[in-house]
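Visitor: Sequence below, structure please.
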Amino acid sequence: MTEYQRIVIGKKFKEVESPSENIYNLISRSPEVPKQSSRYQSKHNNKTKKFYESQKEPHKTMGYAKTPLKSPKEFLKKHTRETKSNHETTPFACLDKNHKKPPVPKRDETPPIFHENKNFVAMNKLNALRKPPRKPARKLVDTRKGDSFFLEFSGWVPKFSMKKEFGSTPKYLVQRCKDIDYSNEMHKKSLPEKKFRKLSEEERNNLLDGLRENWEELNSKYMSLPLVIDTKSIMGRKQQMEKQLDLLEHDIYFLEKNEENDIYILPE
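Guide: Residues are numbered from 1 along each chain as shown. Model prediction:
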């Protein structure tokens, strides 16, 4: 049996399995109407329509095909085409309406003129004699052609080193150091004070045991170093181990020596 025959037989079997005739098909049913989803409607719909209609005017863009003429009775009047602005304009008013300027003097009336009897020539002579002599600007000539420049800005004159503030700490740095010290003091005051507590005998023995174990472990590593040290890395390792051994010996000696005395430590 070929594959095509199998497909045909399968289709026939399906038709037999699900017959088209059914008693329920005799019942009349109303056609199903698909439900439509509710359309979106903006809440600003009426406002936008009113605004859009208020801005529109007929024949505003292209005008009329035939311009309608007005009757002769409706002639152009004064101030009819002026656009009225929304801004309120106040009429100009003089600040002092009752104030008047003094009248112009008449031809016979001459205003009084005060003449000062000063001899300006003699005054200029005295000022020139009393004036101190003008000092010439200090210049430096560096070429045979006489090219000169001011000595003050040349760098040869000790200008900045002669100032009073030269070599002293600037004022802003001194003030900054004071501010830092003050902030550190306030921070220390805000922190709670840590009280010392007494080291118990059990803690002291645990410390001693731990230090001795560390010393033995480090000493075994130190003794396993080669006798001939010919590289910098081995030399540095040996020096570091010696420092650590010295520190451990110092701590062990301190704890063993102060067996009878009390030892106080800061809490963590």
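
Visitor: can you give me the helices for the protein?
Guide: Chain-ordered helices for the chain, with DSSP state H as the definition, fall at 3-17, 45-55, 120-130, 171-190, 201-223, 232-257.

Visitor: Let's have those helices in CSV, adding distance to Ser161.
Guide: Every residue, glycine included, has its C-beta placed from N, CA and C. Supplementary listing: the helices of the chain in CSV, determined by distance: least, CB to CB, whole Å:
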stretch, distance to Ser161
helix 3-17, 110
helix 45-55, 78
helix 120-130, 36
helix 171-190, 19
helix 201-223, 58
helix 232-257, 47
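
Visitor: Check those helices for me: which has the lowest mean pLDDT.
Guide: Set side by side, these give their lowest mean pLDDT on helix 3-17, at a mean of 53.

Visitor: Would you agree Leu151 is in contact with Asp142?
Guide: No: look at Leu151 against Asp142 with CB atoms under 8 Å: they stay out of range, at 10.8 Å.

Visitor: Which one of these two is surrounded by more residues?
Guide: Leu151 (13 against 10; other CB atoms under 10 Å).

Visitor: How much space separates the residue lying closest to the more buried one once chain neighbours are set aside from Gly146?
Guide: Taking CB to CB, 6 or more residues apart in numbering, and ignoring the residues beside it in sequence, Leu151 has Arg138 as its nearest neighbour in space, at 4.2 Å. Between Arg138 and Gly146 the computed distance is 16 Å (CB to CB, to the nearest Å).

Visitor: where does the stretch 51-200 of the chain dip in pLDDT?
Guide: Regions of the stretch 51-200 of the chain meeting the criterion pLDDT under 70 cover residues 94-97.

Visitor: contact partners of stretch 152-170?
Guide: Contacts with stretch 152-170, where a contact means CB atoms under 8 Å, 6 or more residues apart in numbering, come from 138, 140, 151.

Visitor: got TSV for those, with distance to Leu255 too?
Guide: TSV is the format used below for the contacts of stretch 152-170 (distance: CB to CB, whole Å):
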residue	distance to Leu255
Arg138	77
Leu140	77
Leu151	75
